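Visitor: Build me a model from this:
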Amino acid sequence: MNRVIVKDVFKDPLQYVKKEIGVCGWIKTSRCSKKIGFIELNDGSQLKNLQVVLEDGVTVNFAEALKENVGAAISVTGELVETPDAAQPFELKAKSVEIEGHSSPEYPLQKKQHTLEFLRTIPYLRARSNTLGAVFRVRSVASFAIHKFFAENGFIYTHTPIITGSDCEGAGEMFQVTSLDLGALPFDAEGKPDITKDFFSGVARLTVSGQLEGECMAMAFGKIYTFGPTFRAENSNTTRHAAEFWMIEPEIAFADLADNMKLAESMLRYVVKYVLENCEQEILFFDEFLEKGLLKRLKLLVSSEVTVVTYTEAIDMLRKSSQVFEFPVEWGCDLQTEHERYLTEHLFKNPVFVTNYPKEIKSFYMRLNDDEETVAAMDLLVPGIGEIIGGSQREERLEVLQQRMVASGVKESDYSWYLDLRRFGGTKHAGFGLGFERLIMYLTGISNIRDVLLFPRTVGSVL
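Guide: The predicted structure is shown next:
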């Protein structure tokens with residue numbers, strides 16, 4: 001059988017009309033009478049199904065095929081014919097149907113609406129649903145767009161370690177990696193677990209970020225990016241947090257905060273535009289069933305200006321507003337989602353860069369400003385979600401970095417190599433992080449991070 005992908009049939013039907021083709025996929029729905037039957041077939045390549053028509057006396061295995069339940073995998077060979085007066089302008093008249101895999105009547109994805117909560121109970125099947133199928137196609141296209149953007153702009157794609165000995169954020173909320181038998185731990189003379197007997201002869205953890213290692217690469221190649229899994233051991237059971245997620249982290253040498261913001265804005269516009277152009281069916285589906293106005297919001301991001309305000313200006317605006325916030329607003333507080341969304345959706349009605357945050361609420365590696373109270377940090381806030389990108393200019397001055405590490409309680413001995421970057425040809429540089437799942441939530445209107453990951457790793461769940 002010369003298999004044709006369903007998406008290709010819809011893309012250029014005239015290439016296949018009046019020709020015999022073969023398609024494979026899963027039965028979404030079926031109905032029949034004594035002499036004729038209809039199957040809606042989907043192979044995962046797009047949202048729309050292909051209608052297959054079966055006729056008694058024409059289709060081999062007519063009766064057997066129409067006995068199959070929803071979810072069965074089949075291969076169909078037949079002739080594609082035009083149906084200009086029907087809802088679908090063409091259909092496949094089946095000559096033969098081969099059952100690749102049976103499906104029992106208990107198949108949970110029957111022809112009805114299913115809640116996202118229900119779909120989470122069947123993660124191994126939910127990619128076959130319309131909603132999750134559309135989500136993961138968008139995820140695939142967005143991933144490609146990110147690589148395409150950086151490749152076109154001369155960035156080196158680098159792979160940073162997943163197992164690390166450093167904590168980029170300085171928060172300590174990391175998963176520890178060990179090969180020791182927890183039921184028979186070795187102990188040292190002080191009665192503490194003897195970590196020298198572990199695989200790495202010391203403490204090892206799953207990375208929270210590839211940034212620090214990415215800075216090493218930027219000091220060699222000028223422009224690099226990472227795109228890989230990261231981990232947070234936060235006991236946070238919210239719709240926006242997962243223990244395992246993917247991060248995009250570019251790093252650019254000979255660049256300051258303004259360069260960083262320009263890169264972040266250009267990348268986000270590029271990715272959103274690419275998804276709009278290549279996932280039209282999916283975005284229209286989300287706009288109709290998940291978030292009314294999604295298409296308009298995404299188009300607005302591509303075309304609208306981005307406002308730039310300092311943290312201090314943003315705090316003043318929030319305090320002067322008549323809005324009552326759950327979290328009080330005062331200088332020195334970290335902006336919450338409600339604050340970020342108020343700025344983007346009510347005050348400015350477009351994306352906003354907030355810059356120059358208080359040093360006490362930001363990481364040690366962010367460049368200290370001349371006021372010695374704030375750091376050269378930036379967050380990109382967008383309507384509908386709040387913060388989507390966070391970054392900074394990095395501290396390139398060795399003495400200042402050492403002072404910031406002491407003030408933050410970070411041991412210099414753990415970051416000797418990071419300090420050496422400043423000793424051996426260091427330069428001003430900057431970078432940012434974009435949580436990929438948060439981007440997919442923004443692109444699809446999905447409100448829970450569990451629904452943009454096939455097998456989400458969250459508190460109490462490792463299925």
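
Visitor: quick one: the helices in this structure?
Guide: For the chain, applying DSSP state H gives helices covering 6-11, 62-66, 116-119, 130-152, 211-221, 257-278, 280-289, 294-303, 311-320, 337-342, 398-408, 416-423, 436-444.

Visitor: Please name whichever of the ones you listed is nearest to residue 247.
Guide: When the helices of the chain are ranked by distance to residue 247, counting by Cβ to Cβ, first place goes to helix 436-444 at 6.6 Å. In short, each C-beta sits where N, CA and C put it, glycine included.

Visitor: pull the CA atoms of the closest one into CSV?
Guide: Extracted as CSV, the C-alpha positions of helix 436-444 are listed here (Å, rounded to 0.1, in the frame of the first residue of the first chain):
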residue,chain,number,x,y,z
PHE,A,436,8.3,26.0,27.1
GLU,A,437,5.1,24.7,28.7
ARG,A,438,4.1,28.2,29.7
LEU,A,439,4.5,29.2,26.1
ILE,A,440,2.3,26.3,25.0
MET,A,441,-0.3,27.4,27.5
TYR,A,442,-0.2,30.9,26.1
LEU,A,443,-0.5,29.6,22.5
THR,A,444,-3.4,27.2,23.1
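
Visitor: Dump the helices of the chain to TSV, plus mean pLDDT.
Guide: As requested, the helices of the chain are arranged in TSV below (pLDDT from 0 to 100):
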stretch	mean pLDDT
helix 6-11	96
helix 62-66	91
helix 116-119	96
helix 130-152	98
helix 211-221	97
helix 257-278	98
helix 280-289	97
helix 294-303	94
helix 311-320	97
helix 337-342	96
helix 398-408	96
helix 416-423	95
helix 436-444	96
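
Visitor: Buried deepest among those, which one?
Guide: The highest average neighbour count among those, using mean count of other Cβ atoms under 10 Å, belongs to helix 436-444 at a mean of 23.

Visitor: So which residues make contact with that one?
Guide: 134-135, 138-139, 142-143, 146, 227, 240, 242, 245-248, 271-272, 275, 282-283, 286, 290, 294, 298, 382, 384-385, 388, 446-449, 452-453 (Cβ atoms under 8 Å, 6 or more residues apart in numbering).

Visitor: Would you mind getting the angle between that helix and helix 294-303?
Guide: Following axes from the mean of the first three to the mean of the last three Cα atoms, to 10 degrees, one obtains 110 degrees for the angle between helix 436-444 and helix 294-303.

Visitor: want to throw the helices of the chain into TSV with distance to residue 104?
Guide: Rendered in TSV, the data for those read as follows (distance: least, Cβ to Cβ, whole Å):
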stretch	distance to residue 104
helix 6-11	24
helix 62-66	16
helix 116-119	18
helix 130-152	21
helix 211-221	49
helix 257-278	36
helix 280-289	28
helix 294-303	36
helix 311-320	56
helix 337-342	43
helix 398-408	58
helix 416-423	56
helix 436-444	31
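
Visitor: Beta-bridge partners for residue 50, please?
Guide: Each beta-bridge partner of residue 50 is listed here, defined by DSSP bridges: residue 41.

Visitor: And the one 10 residues further on, by the same measure?
Guide: Note on residue 60: beta-bridge partners residue 96, judged by DSSP bridges.

Visitor: was I right about it contacting residue 95?
Guide: Yes - the pair residue 60 and residue 95 passes the contact test of Cβ atoms under 8 Å, sitting 6.6 Å apart.
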